[in-house]
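*Asks:* Predicted model follows, preceded by the sequence.
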Amino acid sequence: MLPTKRIELGDNDYALAIIPLLHKTSRQVQAYYRPFMKLTGKPVLLSDVQAGKANVLNDYEIDLNAVDDDAVAQIFIMNQVTEWSFGDMNRETIDNIPEDKYKLLVQELNGLYKPAPFPIKNN
């Protein structure tokens, strides 16, 4: 059984979050961010790195202004929270959590899973 952290949300509301970041969560967050990635600079080919002609991989930046923070937060909630006091674990329930408790839960999850699992750079 994986270790969990109980996140107190006030008024006897709580969430239990799995402490280690799950591979499934990381993979889904990376897939979400990938369309927002832009190559910066001149592309470095993997074949050049392997041949010793280059020693760096491509650099990317993510347009964080285009990212829907709630979509990313929901990925973390749906994958990392194993139990909570709000009922069934689904998007409808997430949408009906009081705003102050939702923000507190997201803040706690952000602290627990820093740094965020940004996409792996593929050549």
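*Replies:* On my side now, so go ahead.

*Asks:* just how off-centre is the helix ranked longest in the chain within its chain?
*Replies:* Longest helix of the chain, by residue count under DSSP state H: helix 99-112. From the chain centre to the centre of helix 99-112 is a distance of 13 Å (Cα atoms, centre = their mean, to the nearest Å).

*Asks:* Quick check: which helices or strands does it pack against?
*Replies:* Using 3 or more Cβ pairs under 8 Å, 6 or more residues apart in numbering; DSSP states H and E, the elements in contact with helix 99-112 are strand 4-10, strand 13-18, helix 69-80. In short, each C-beta sits where N, CA and C put it, glycine included.

*Asks:* so which strand or helix has the most centrally placed residue in the chain?
*Replies:* Per Cα atoms, centre = their mean, the C-alpha nearest to the average position across the chain is that of Val29, at 4.5 Å. Using DSSP states H and E, Val29 sits within helix 23-33.

*Asks:* For Ala51, give me the backbone phi and psi.
*Replies:* Phi and psi for Ala51, reported as degrees, to the nearest 10, are phi -90, psi 0.

*Asks:* Give the burial count for it, as a bare number.
*Replies:* 9 (other Cβ atoms under 10 Å).

*Asks:* swap in Pro98?
*Replies:* The number of residues packed near Pro98 is 13, by other Cβ under 10 Å.

*Asks:* got a pLDDT number for it?
*Replies:* Pro98 is assigned 97 on the pLDDT scale.

*Asks:* same question, Leu39
*Replies:* Leu39 is assigned 73 on the pLDDT scale.

*Asks:* how close does it get to Tyr60?
*Replies:* Counting by Cβ to Cβ, to the nearest Å, the separation of Leu39 from Tyr60 is 6 Å.

*Asks:* Secondary structure class of Pro20, three-state.
*Replies:* Secondary structure assignment for Pro20 (DSSP: H, G, I helix; E, B strand; the rest coil): coil.

*Asks:* Go ahead and confirm it touches Pro3.
*Replies:* Yes - in terms of Cβ atoms under 8 Å, Pro20 counts as a neighbour of Pro3; the distance is 7.3 Å.

*Asks:* Comparing those two, which shows the higher neighbour count?
*Replies:* Pro20 (12 against 8).
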